[in-house]
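# Sequence and predicted structure are below.
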Amino acid sequence: MDQDLSWWAEVVFGGWRDRPGPRYQRLATALLDAIDRGELRPGARVPAERTLAAAVGASRGTVVACFEHLVAAGVLRRRQGSGTYVAGRPSWAARPAASSVATLLLRRMAADRETVDLSVSAPGDLSHLPPADLTAAWAALDGHGLDPAGLPRLREQVACHLSEHQQLPTEAGQLIITAGAQEALWLLGRALQPHSGTLVTSCPTYPGLAGAFAGSRRAIVTVPGDIAGDDPGAIERASRTPGTVAYLMPTGHNPAGTVMTTVRRQSLAAIADARRVTFIEDLALADLMLDNRPPPPPVAAFSTHVVAIGSVSKLLWGGLRVGWIRAGEPLRTALLAHKAALNLATAAPSQVLAAQFLAGITPDWLTAHREALAQRRDHLAELLAARLPAWRVQPPAAGLSLWAELPLDSADTFAHVATRHGVTVAAGSTCCLDHRHHHYIRLSFAAPPGTLELAAERLAAAWEIHAQNLAATPPGQAGRRPAGTRDQWAGMVSGAR
C-alpha cells in the first residue's frame, strides 16, 4: 500500500458522505474522482476492505459492494493472495452491454461529475499563458482610459505581433481595438454599407458570423470549400451584387481547420484589388498552425483592400475579450464612430493585460504551444478512432477543434444525449448555413489529455445509447432515423468501443 490510511480517508475518500446516491456508490465516485485527478495511478494498491471500512467510517459490506462494482467496471483489479489494485480510468466502451450494473453505476457517476465542455474552441485555463509583468500592466493604466481606437501600447503590440508572427506588416494607426473578434464583425456589419449587397461565406463557417451581421439585412450566400480553402471562382461568382462582403478564414478555418493555399490567397487578393467585393479576413486562429510549417502570408498581405480582424481569445484567453480590426481609410474612421457609439472603448484593464501577454510571446513559446496543441489534437483523434470507429475525423492543420462526421442525418439529438452523459459538444448545425453539415460535430482539443480521455469515454457511452435508440426506431418514422438497416445500426453499437 503506497499511502497510509489517513491519506486514503482524507485525500481519496474525504467528503464521500456528501455525495449523492447509495453509500457504496458515494465511495466508488470518490475513488473515481481521485483517479481522474491523478492522485491514484494504475498499479496503486488499495487498502483491504475491513481496514478501509474502519478508516472511512463505513460498514465492510458497503466497501465490499463498492469494490465489486469497480472490479466489474474494470477500474479495480484483484490479485489472488496479493490484494486489490487500481487498474486505471474506466472505459465504458470496453465492456459488453450485458454488464448492466457496472454500466449504470458509471453512467450515474458521470451525471454526478462536472460536465466536460468541448463545445468552446478556446483555451480552457490560463496555464499556457506567456510570462507577463502584471505590476507593469497596472502601472500602465492612466487617464480616463476611453480611447475608441484602443490604448496606444496595445495597438503597438498588436502591430508588432501581426508583423513578426503572422507576416502581415502593420502599423498601430491601422488598428482599432475591439471587445473580441465578435464585436469586430458586428462593427463591420454596420460600417460596410448596411442594407446592401450580400454576405458571402463558406459553409461550414464560424458560428458567430450570422449573429454578428444580424440586422444588416444582407442575404447570406454560401460557397464551397475544400482542403485547399475557399474557392476564389465561386466567391467571385457569388459577389456580383454591388456592396458584397466576403468573410474568409484562410489560416485555421473554424470549424474545418483547413489552411488556404498561397495561389488561392493571391487570387482572392486580385479580386479585392479589382474592388468587386470587400473581404474580411479572420486571423483569430492564424497563430495556431499545428504541423511545424509556416503558414502562407495572409490575404491582407497581398492586397491593401482586405480588412483583417483578430483576437487574443484563441491564442491567449477568451476572458480578456480583446480583438482588433486592421483597416484603411475611410473605413477606419467610420468604424471608430460606430465603436464610440456602441461602448465608448474596450475595457482598459483587459487592454493592458493583453499588451503584456503579447509582449511575452517569443518564437520558442509559440513553437512549444503549437506542439502541445498538436499532441492534444492527435491524442483526441486517436481516442475517437479507437472508441468510435464509425466517426470520420480529418485532423486539422490549424486551430483548436476536430470537425467530426457522424453517420447520421443530424447530430443535434446526439449532442443532447452527450450532454446528459457529461460532455458538451457543438452540433454541426451551429456552424452550418445551408443544411449540408448537420451530421457533424465540433470538438475542442484544447483541454488537458486526461480531460480529453474522460470526454472520449463519455462520448462512447452516449453514442452507444444513441445508436441503440436509432436501431429501435421504426423505419417508417422519417426524419428520426437515417437510412440503414437495423443490423447496420446494431453494428454501430458494437463499433463504439
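Now that the structure is in, tell me what you want to look at.
# low pLDDT regions in the protein?
1-3, 89-113, 195, 473-497 (pLDDT under 70).
# What values do phi and psi take at the residue of it most remote from its centre?
Distance from the centre of the chain peaks at Gly81, with 46.8 Å (CA atoms, centre = their mean). Gly81 has phi and psi values of phi 80, psi 0 when expressed as degrees, to the nearest 10.
# Please apply the same query to Leu383.
Torsion angles, degrees, to the nearest 10, at Leu383: phi -60, psi -40.
# Spatially, what comes nearest to it if we skip its sequence neighbours?
Ala456 (3.8 Å; CB to CB, 6 or more residues apart in numbering). To be clear about C-beta, it is placed using only N, CA and C from the backbone, and glycine gets the same treatment.
# if I look at that neighbour, how far off is Gly422?
Taking CB to CB, to the nearest Å as the measure, Ala456 falls 12 Å from Gly422.
# so who does Pro396 touch?
252, 256-258, 290, 377, 402-403 (CB atoms under 8 Å, 6 or more residues apart in numbering).
# With Ala191 instead?
331, 334-335, 338.
# doesn't Ser401 make contact with Ser121?
Yes: with contact defined as CB atoms under 8 Å, Ser121 reaches Ser401; the gap is 4.6 Å.
# that older thread, most surrounded residue in the contacts of Ala191?
Among the contacts of Ala191, Leu335 has the most neighbours (other CB atoms under 10 Å), with 23 neighbours.
# tell me the SS of that residue?
The three-state label given to Leu335 by DSSP: H, G, I helix; E, B strand; the rest coil is helix.
# For it, give me its contacts.
176, 187-188, 191, 325, 327.
# By neighbour count, which of these wins?
Ile325 (28 neighbours).
# Test my guess that that one contacts Gly189.
No: taking CB under 8 Å as the definition, Ile325 is not a contact partner of Gly189, at 11.9 Å.
# do you know how far Cys432 is from Ala159?
35 Å.
# Repeat that for Ala455.
38 Å.
# contacts for stretch 418-435?
By CB under 8 Å, 6+ apart, stretch 418-435 touches 107, 110-111, 113-119, 121, 201, 203-207, 210, 220, 222, 254-255, 410-412, 414-415, 437-443, 455, 458-459, 461-462, 465.
# List the buried residues of stretch 316-325.
Neighbour-count burial for stretch 316-325 flags 316-318, 320-325 (criterion: 16 or more other CB atoms under 10 Å).
# picking up where we left off before, for the residue nearest to Leu383, which three-state class applies?
Using three-state DSSP, the structure places Ala456 in helix.
# coming back round to it: between Ser121 and Ser401, what contacts are shared?
Common neighbours of Ser121 and Ser401 (CB under 8 Å, 6+ apart) are 254-255, 442, 444.
# Just send those back as CSV, with neighbour count and secondary structure too.
Output for the shared contacts of Ser121 and Ser401, formatted as CSV (neighbours: other CB atoms under 10 Å; DSSP: H, G, I helix; E, B strand; the rest coil):
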residue, neighbour count, secondary structure
Asn254, 26, coil
Pro255, 29, coil
Arg442, 28, strand
Ser444, 26, strand
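# Can you give me the end-to-end span of stretch 223-239?
11 Å (CA to CA, to the nearest Å).
# Sorry, slip of the keys, the one I care about is stretch 182-201.
Span of stretch 182-201 from end to end, CA to CA: 16 Å.
# what distance separates it from the centre of its chain?
25 Å (CA atoms, centre = their mean, to the nearest Å).
# and which of the contacts of Ala191 is nearest Gly21?
Among the contacts of Ala191, His338 lies closest to Gly21 (CB to CB), at 53.8 Å.
# Now for that closest one: which residues touch it?
187, 190-191.
# Number of residues surrounding Gln375?
Per other CB under 10 Å, the neighbour tally for Gln375 reads 13.
# Looks to me like it is in a helix.
Yes: under three-state DSSP, Gln375 falls within a helix.
# Contacts only, for it.
Gln375 touches Pro449, counting by CB under 8 Å, 6+ apart.
# State the distance from it to Pro131.
The spacing between Gln375 and Pro131, counted by CB to CB, is 22 Å.
# How about Gly225?
38 Å.
# And for Pro194?
43 Å.
# quick one, which of the two is more surrounded?
Pro194 (15 against 11).
# Now that one. Nearest residue, chain neighbours left out?
Pro194's closest residue in space is Ser216 (CB to CB, 6+ apart), at 4.7 Å.
# Pop out the phi and psi values for the one you found.
Backbone torsions of Ser216, given as degrees, to the nearest 10, read phi -80, psi -10.
# Would you agree it is in contact with Leu187?
No: assessed by CB under 8 Å, Ser216 is found out of contact with Leu187, at 11.2 Å.
# Chain neighbours aside, what residue packs nearest to Pro131?
Gly360 (4.9 Å).
# Quick check: the one you found vs Pro169, distance?
Applying CB to CB to Gly360 and Pro169 gives a distance of 22 Å.
# Kindly report the same for Gly450.
For Gly450, the distance to Pro169 - CB to CB - is 42 Å.
# cool, Arg190 as well?
Noted for Arg190: a distance of 28 Å to Pro169, by CB to CB.
# Okay, strands next: where are they in the stretch 101-250 of the chain?
116-117, 175-178, 198-202, 219-223, 225-226, 229-230, 245-248 (DSSP state E, counting those that start in this stretch).
# Tell me which of those sits nearest to Pro47.
Closest among the strands of the stretch 101-250 of the chain, using CB to CB: strand 116-117, at 29.8 Å.
# Show me what that closest one is packed up against.
strand 423-424, helix 449-472 (3 or more CB pairs under 8 Å, 6 or more residues apart in numbering; DSSP states H and E).
# and the first one, which strands flank it?
Spelled out, it's strand 423-424. strand 116-117 (parallel) (DSSP bridges).
# Quick one: distance of the strand it pairs with to the chain centre.
The answer for strand 116-117 is 10 Å, by CA atoms, centre = their mean.
# what's the answer for stretch 34-48, then?
On CA atoms, centre = their mean, the centre of stretch 34-48 falls 30 Å from the chain's centre.
# List the contacts of that stretch.
1-2, 5, 8, 11-12, 31, 52, 55, 67, 75-76, 83-89, 113, 450, 454.
# Can I have the buried ones of these as a PyMOL selection?
With 16+ other CB under 10 Å as the criterion, this PyMOL line picks the buried residues out of these:
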select buried, resi 8+12+31+52+55+67+75+76+84+86+87+88+89+454
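# Counting only strands, which of the contacts of stretch 34-48 make the cut?
Residues of the contacts of stretch 34-48 located in strands (DSSP state E): 76, 83-86.
# Columns distance to Ala347 on top of those, output as JSON lines?
JSON lines is the format used below for the ones in strands among the contacts of stretch 34-48 (distance: CB to CB, whole Å):
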{"residue": "Leu76", "distance to Ala347": "50"}
{"residue": "Gly83", "distance to Ala347": "57"}
{"residue": "Thr84", "distance to Ala347": "54"}
{"residue": "Tyr85", "distance to Ala347": "52"}
{"residue": "Val86", "distance to Ala347": "47"}
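# Thanks a lot, catch you later.
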